[in-house]
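[1] Need coordinates for the below:
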Amino acid sequence: MNYLIKGACAIFGHDATASDIRIQQGYITEIGCQLSQLPGESCIQARDCVIYPGLVNSHHHIAQSILKGIPAGLNQPLGDWLASVPYRFWPQITPEIMYAAACLGFSELLRSGTTTCADHHYLYHATTSPELEAAVWQAAEDVGIRLVLCRGGATRQGSHKGMRSSPVEPESIAQCLTRLDQSRSRYHQPGGDAMRKLVVAPTSLVHSSSPADLRLLAEFARSHGLKMHSHLLEVHFDEVLAQQNYRMSAVDYAESCHWLGEDVWFAHLVQANERDIATLAGSRTGIAHCPTSNCRLGSGIAPVIRMAQAGMPISIGVDGSASSESGSMIQELNLTWLLHRAQQGAEATNLETVLKWGTEDGARLLGLDKVGKLAVGYAADLVIYDLRAPRFAGCHTPLLAPILCGEPVDIKYTFVQGRPVVNNGVPQLDPHQLASQARAAIQDLLRRVT
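    Numbers count the residues shown, from 1 in each chain. Model prediction:
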């Protein structure tokens, strides 16, 4: 359908005169003021609302949506937490449990204004069923979100406590490459506004694959035009292992395995030093900054201000809802804005830059160069935030109020590729049914684990 959105009090990226957006056949065709409704258009009134590009979450673990607040992991750092939470439960996650978790997680993201999710899905082992991955793709379609599936997995047992504690047999590199190619053929779509993209994403660059396997994965990705992603330097242990096993820094190790470049982005990079930043920036390697998760696990604060100054591409990620229990991109943007000001002063960040990291810059990193911006010719991925709630009434900068004031936000409409997936405040999937489905999945999972 075609839509005319009228009367917004502000539109991000445009001057104060812009109030209307026209959507035709999934794309933005006009932005202006007092646009006239055309035959066949549905009109949406956006009075007392602001319009953002749909938020782009560049790193997530959607399976963790049903692993929030696990008692054993509440006060543990990353290594112990991995053993107590995700690696304890994931071998028992069935396709049915995965589908429930993914529907819940994608809906949580949608509720905060996220329209694109890069899910680092790492639930693969020697006997993994293809239905487990298929459940993630299906959930994204049913919720209506744009999905970039970062295909994780390990081709060796690994050196993190979580990996070492897991009873499952890792994939062989031959299995991994064969399955990757099957997923690529079945799901991956080319183009800057694809609804489905596949990324080559071994779970942890230093821990989960050998140097030879990493080079084969990089070769596969580049031969098929796929992006590349992994975890790196979330904690200092990555640097320790790289120095111990390979006699080089973790970033130099990545470079030696052909894992740096403008087609690569890493989650976290909390422990990157100045030399690392120079190398990453020189190769145009990007970062998914995950501030809530890094705070939650006590990992530290990624030096994204220095990274941005050096020229690294910056994006924002929620990470898993088990280490960032809100599952909200608005929280991530708000915390990104605040956290670095606490470290470096009030001029360290501004809201406009943070929002650009969480939209246009993130989309570009994911290979979606027709997403993440409110401009003619771009895919109509946009969020209409309703500012009528009393908590926004005193805000003198309405355009920035959703990030400035933080959660909770109220969404009137969310569009993905020109289709309303939140319609007058109502999402596609019933929230009560989602909650019931998630609780049943948790009970099933607990029975299997115990």
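[2] Which of the helices and strands in this structure ranks last by mean pLDDT?
    Ranking every helix and strand in the chain by mean pLDDT, DSSP states H and E puts helix 161-165 at the bottom, with a mean of 62.
[3] what's the next secondary structure element after it?
    As assigned by DSSP states H and E, the chain's next helix or strand after helix 161-165 is helix 173-187.
[4] So what's the gap between the helix or strand following that next one and the chain middle?
    Counting by DSSP H and E, the element after helix 173-187 in chain order, helix or strand, is strand 196-200. Offset of strand 196-200 from its chain centre (Cα atoms, centre = their mean, to the nearest Å): 13 Å.
[5] Strand 196-200: partners in the sheet, and parallel or antiparallel?
    Its sheet considered, strand 196-200 pairs with strand 146-151 (parallel), strand 227-232 (parallel) by DSSP bridges.
[6] Please name the nearest non-neighbouring residue to residue 363.
    Once flanking residues are discounted, residue 363 sits nearest to residue 372: 3.1 Å by Cβ to Cβ, 6 or more residues apart in numbering. (Each C-beta comes from the backbone N, C-alpha and C, glycine too.)
[7] And the strands in the stretch 351-450 of the chain, which stretches?
    Under the criterion DSSP state E, counting those that start in this stretch, strands of the stretch 351-450 of the chain are mapped to 382-386, 411-416, 419-423, 426-427.
[8] again, but for the stretch 201-350 of the chain
    Along the stretch 201-350 of the chain, the segments classed as strands by DSSP E, counting those that start in this stretch run 227-232, 264-268, 286-289, 314-316.
[9] again with the stretch 1-150 of the chain
    Under DSSP E, counting those that start in this stretch, the stretch 1-150 of the chain gives strands at 2-6, 10-11, 20-24, 27-32, 41-45, 49-53, 55-60, 114-121, 146-151.
[10] Which residues outside the shortest one are in contact with it?
    When you say that, I think you mean strand 10-11. 16, 18, 19, 21, 31, 50, 51, 374, 398, 399 (Cβ atoms under 8 Å, 6 or more residues apart in numbering).
[11] Neighbouring strands - and their directions - for that strand?
    strand 49-53 (parallel).
[12] centre of the chain versus the partner strand, how much separation?
    Chain-centre distance of strand 49-53: 20 Å, with Cα atoms, centre = their mean.
[13] returning to what we had before: compare the strands paired with strand 196-200 and give me the one nearest residue 218.
    With respect to residue 218, and counting by Cβ to Cβ, the nearest of the strands paired with strand 196-200 is strand 227-232 at 6.5 Å.
[14] so the closest one versus strand 55-60, what angle?
    Angle of strand 227-232 versus strand 55-60, following axes from the mean of the first three to the mean of the last three Cα atoms, to 10 degrees, is 60 degrees.
[15] I'd like the strands of the stretch 351-450 of the chain written out as JSON lines, with mean neighbour count and mean pLDDT added.
    Listed next are the strands of the stretch 351-450 of the chain as JSON lines, based on neighbours: other Cβ atoms under 10 Å; pLDDT from 0 to 100:
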{"stretch": "strand 382-386", "mean neighbour count": "25", "mean pLDDT": "98"}
{"stretch": "strand 411-416", "mean neighbour count": "24", "mean pLDDT": "98"}
{"stretch": "strand 419-423", "mean neighbour count": "19", "mean pLDDT": "96"}
{"stretch": "strand 426-427", "mean neighbour count": "15", "mean pLDDT": "91"}
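[16] Mind putting the ones you listed into a markdown table with distance to residue 88?
    What follows is those, written out as a markdown table (distance: least, Cβ to Cβ, whole Å):
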| stretch | distance to residue 88 |
| --- | --- |
| strand 382-386 | 35 |
| strand 411-416 | 34 |
| strand 419-423 | 33 |
| strand 426-427 | 31 |
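[17] so where's the stretch 251-400 of the chain uncertain?
    Nowhere does the stretch 251-400 of the chain drop to pLDDT under 70.
[18] Would you map the helices across it?
    274-283, 291-296, 304-310, 329-344, 351-356, 362-365 (DSSP state H, counting those that start in this stretch).
[19] My guess is residue 149 contacts residue 119. True?
    Yes. Under the criterion of Cβ atoms under 8 Å, residue 149 makes contact with residue 119 at 5.7 Å.
[20] thinking again about what came up before, of the helices of the stretch 251-400 of the chain, which stretch is the most buried?
    Comparing the helices of the stretch 251-400 of the chain by mean neighbour count (mean count of other Cβ atoms under 10 Å), helix 362-365 ranks first with a mean of 27.
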